[in-house]
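> Based on what follows, work out the 3D shape:
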Amino acid sequence: MFAGLLSDLNGRLPYYVSDFTDAAHRKVLSSAFYLFFACLANAIAFGALSSVLTNGEIGTIEMLIATVIGGIVYALFSAQPITLLGGTGPIVIFTALLYQASDLLGVSFMGVYAWVGIWSGVFLLILSVTNASNWMRFFSRFTDDIFAALVSIIFIVEAVANLSVVLREPEQSPDVRALVVTLATGTLLIALFFNRAGSASRFQGTIFGKVSDFGPSIAIVAMGALAYALADIPVQGPVLPQSFETTTSGRPWLIPILDVPLWVILVTTFPAAFASVLLYLDQNITSRIINESGANLRKGRGYHLDLLLIGLLVLGFSFFGMPWIVAATVHSVNHLKGLSGMRSGRDGVKSYVIENRVSALAIHILIAGSIFLLDYVALIPLPVLLGLFVYMGYVSLRGNDFANRVMATLMSWMLRRPVGPAPVKLRTVHRYTVCQAGAFALLWVVKSSAIGILFPIFIALCVPFRILLGRWFSGEDLATLDDYDPTRPL
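Residues are numbered from 1 along each chain as shown. Below you'll find the model as predicted:
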C-alpha cells in the first residue's frame, strides 16, 4: 500500500518549481485563452444537460463551481497538470440513471446522489492507496484510441446536433440561420487554417508561425466581433442562470445525508461501484493517452496521485450535490497539442512540450472570474462555441491511430489499391482495424442504450479482447500496430 503514491510524489516533486518557472512561453498564453472558452462551454453544456436530466436538481451553477474548484486543485497538486478536468457525457448519463432510479423508488435523489458519490470517493481513495492504477499497464493503444475516438466523435456529433436544433427552430429567420452557419463554420475554418499553417515547416520560426498558436483564440474573437457588428440579427448565447449565489433549484448547498433511510445508505454501494469503475477508467485512460502520446514529456507521470485527487474531489463535491468531474479527454488532448511545438537546434528539429501548471491554473481562474460576469458570458454566440467544439473534436481525432487507419482502410477499399506504406501486410492492418471498429461500435451502442450504466464494464472488456487478438495475429504484427506490454513500468 501507498507505494504508488510515494513513487509519484518522489518523481514529481523535483519538478514542481519548474512547472511555474517554465511557463513563460506564448504557447501557455494561447492555450490558456482558447481552452478557457472551451472548458467554460463544456461546463455550461454539461451543466445544462444535467439540469434537464435531473429536473433542475443539478445544473449549470453547480457544474461551473465544481469545474473551478476541481480545476484549480488539480492544476496545483496533480502529477500530470496537462490533463484537464471537466464534466463528461458518461458521468452525466450515469447521474440521469440515478435520478430515474430515485424517482422510481420514491426516495430523495440528492440523498442518493450524495451517498453514491461518498461511496465512490471512498472506493477511489482505496484504489489509489492500493496501487490499483498499476492495472493500467494491461491497457494499450487499442483501448486508448477507441475511447479517445469515441469521446471525440461524441463532441463533434453533439455540437452538430445542437447546431441543427438552433437552425430548425421555426421562429428563426433566414438571416439568423445564415449568421449561425457563418459563425460556426467561420470559427472552425479559421482555427483549422492557423492549425495547419502553424504545423507547416516553412512557417516555423516566423511571425506567422508564432501567431498561429493563437489560431482558435483569433477565430473566437473574429466571429464574436462579426456577431457584434451584426447585432441587429439576434443570435442565441449560452443559457445561464441569473446568479451563482444559490443552487439551480434553490436548495441549500449542504445535502442532509442523514435524512435518507439506512437501507439507501447501504444499497448505494452498488451503483457506487459502477461509478467508481467509470471514474477510474475515465481518469486513467485519459492520463494514459497524454502520457503515452509520444510527445516529448520529461517530468514524469503519476496515476496514483491523480486518482487520489479525483477521489477527494468526488467525495467532497458529493456532500454539496455538485457534479463529479474527471479527466476530460478532448480538452486534455487539445491542451497537450497547444503546449507542443518543434524547435530547431544543433541536433536538428526536435519536438518539445511546455510542461507547466500555469496554463491549467489560468484556465480555471478565468472561469472563476466568468461566474461573476454571467451577463457578459451570455453574450458569447452559441454557434462560436459549437464551432470550437467541432474543431477540438477534429484535432483530437487527427492524431488518433485508430481513426487514421479507418480512413486509410476506407480509402484503400474505395480506390482498390493500398494507401501509403505499411510495415505489416495491408490485409492484416485491415483485419486489426475491423476488430477495433467492432469494439468501437459496441461501445457506441451500449452508451446509447438502456444498459448505459454498464458502459465502463464494456470499456474494461476491451483489454481482454485485445489480449485474445494474439490468437489471430502474429506477435510481430501486433507489436507494430499496438504498444501492449504489461511488463512496462507506469
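
> contacts, neighbours, all on C-alpha from now
OK.

> Give me the contacts around stretch 36-51.
Stretch 36-51 has contacts (C-alpha atoms under 8 Å, 6 or more residues apart in numbering) with 56-64, 67, 86-89, 92, 95-96, 238-240, 248, 331, 363-364, 366-367, 385, 388-389.

> can you dump the C-alpha coordinates of it into CSV?
Written as CSV, here are the backbone C-alpha positions of stretch 36-51 (Å, rounded to 0.1, in the frame of the first residue of the first chain):
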residue,chain,number,x,y,z
PHE,A,36,-10.8,28.9,-21.2
PHE,A,37,-13.6,29.3,-23.8
ALA,A,38,-13.7,25.5,-24.4
CYS,A,39,-13.8,24.5,-20.8
LEU,A,40,-16.3,27.2,-20.0
ALA,A,41,-18.5,26.0,-22.8
ASN,A,42,-18.1,22.4,-21.6
ALA,A,43,-19.2,23.3,-18.1
ILE,A,44,-22.2,25.3,-19.5
ALA,A,45,-23.2,22.5,-21.9
PHE,A,46,-23.0,19.6,-19.4
GLY,A,47,-24.5,21.7,-16.6
ALA,A,48,-27.5,22.5,-18.8
LEU,A,49,-27.8,18.8,-19.8
SER,A,50,-27.6,17.8,-16.1
SER,A,51,-30.3,20.2,-15.3
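
> Now find how far off-centre that stretch is within its chain.
How far stretch 36-51 lies from its chain's middle: 12 Å, per C-alpha atoms, centre = their mean, to the nearest Å.

> Averaged pLDDT, that stretch. What do you get?
Regarding stretch 36-51, the rounded mean pLDDT is 84.

> And stretch 135-147, by the same measure?
89.

> Only the buried residues of that stretch, if you could.
Neighbour-count burial for stretch 135-147, counted by 16 or more other C-alpha atoms under 10 Å, picks out 136, 138, 139, 140, 141, 142, 143, 144, 145, 146, 147.

> Ends of it, what's the gap?
Using C-alpha to C-alpha, to the nearest Å, the end-to-end distance of stretch 135-147 comes out at 17 Å.

> Quick one: residues in contact with that stretch.
Contacts for stretch 135-147 (C-alpha under 8 Å, 6+ apart): 284-286, 288-289, 400-403, 436-437, 439-440, 459, 462-463, 466, 482-490.

> same question, stretch 470-489
By C-alpha under 8 Å, 6+ apart, the list of residues contacting stretch 470-489 from outside reads 137, 138, 139, 140, 141, 142, 423, 424, 428, 429.

> quick one, strands of this protein?
For the chain, applying DSSP state E gives strands covering 85-86, 326-327, 340-345, 348-353.

> mind listing the helices for the stretch 101-250 of the chain?
Ranges of helices within the stretch 101-250 of the chain are 109-129, 141-168, 174-199, 207-211, 215-229, based on DSSP state H, counting those that start in this stretch.

> Just list what the last one packs against, helices and strands only.
Using 3 or more C-alpha pairs under 8 Å, 6 or more residues apart in numbering; DSSP states H and E as the contact test, the elements touching helix 215-229 are helix 26-53, helix 174-199, helix 382-398.

> again, only using 6 Å
Where contact means 3 or more C-alpha pairs under 6 Å, 6 or more residues apart in numbering; DSSP states H and E, helix 215-229 is packed against helix 174-199.

> So, low pLDDT: which residues of the stretch 201-350 of the chain?
Applying pLDDT under 70 to the stretch 201-350 of the chain flags the ranges 201-210, 212-213, 238-244, 345-349.

> Give me the spatial nearest neighbour of residue 285, chain neighbours excluded.
residue 144 (6.2 Å; C-alpha to C-alpha, 6 or more residues apart in numbering).

> next one: residue 253
Residue 253 sits nearest to residue 320 (C-alpha to C-alpha, 6+ apart), 5.2 Å away.

> what's the most buried one of the strands of the chain?
strand 326-327 (a mean of 29; mean count of other C-alpha atoms under 10 Å).

> Direction included, what does that one pair against?
strand 85-86 (antiparallel) (DSSP bridges).

> which residues touch the partner strand?
Residues from elsewhere that reach strand 85-86, judged by C-alpha atoms under 6 Å, 6 or more residues apart in numbering: 67, 71, 325, 326, 327, 328.

> I'd like these as CSV, with distance to residue 222 appended.
As requested, the contacts of strand 85-86 are exported to CSV (distance: C-alpha to C-alpha, whole Å):
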residue, distance to residue 222
67, 27
71, 28
325, 31
326, 32
327, 30
328, 27
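
> and of the residues you listed, the nearest to residue 26?
Proximity of these to residue 26 (C-alpha to C-alpha) peaks at residue 71, which lies at 21.3 Å.

> for stretch 20-34, how far is the first residue from the last?
With C-alpha to C-alpha as the measure, stretch 20-34 spans 20 Å from end to end.

> and it, how far out from the chain's middle?
Its chain's C-alpha centre and that of stretch 20-34 lie 20 Å apart, by C-alpha atoms, centre = their mean.

> Can I get the buried residues of stretch 135-147 in CSV including distance to residue 307?
Formatted as CSV, the buried residues of stretch 135-147 follow (distance: C-alpha to C-alpha, whole Å):
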residue, distance to residue 307
136, 12
138, 17
139, 16
140, 19
141, 20
142, 22
143, 19
144, 18
145, 21
146, 22
147, 18
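
> Relative to residue 111, which of these is nearest.
Nearest member of the buried residues of stretch 135-147 to residue 111, counting by C-alpha to C-alpha, is residue 147, at 31.4 Å.

> What separation do you get for that closest one and residue 139?
11 Å.

> Also residue 390?
Residue 390 is 28 Å from residue 139, by C-alpha to C-alpha.

> hmm, back to that, for residue 280, find the nearest of the helices of the stretch 101-250 of the chain.
So among those, helix 109-129 is nearest, using C-alpha to C-alpha, at 7.2 Å.
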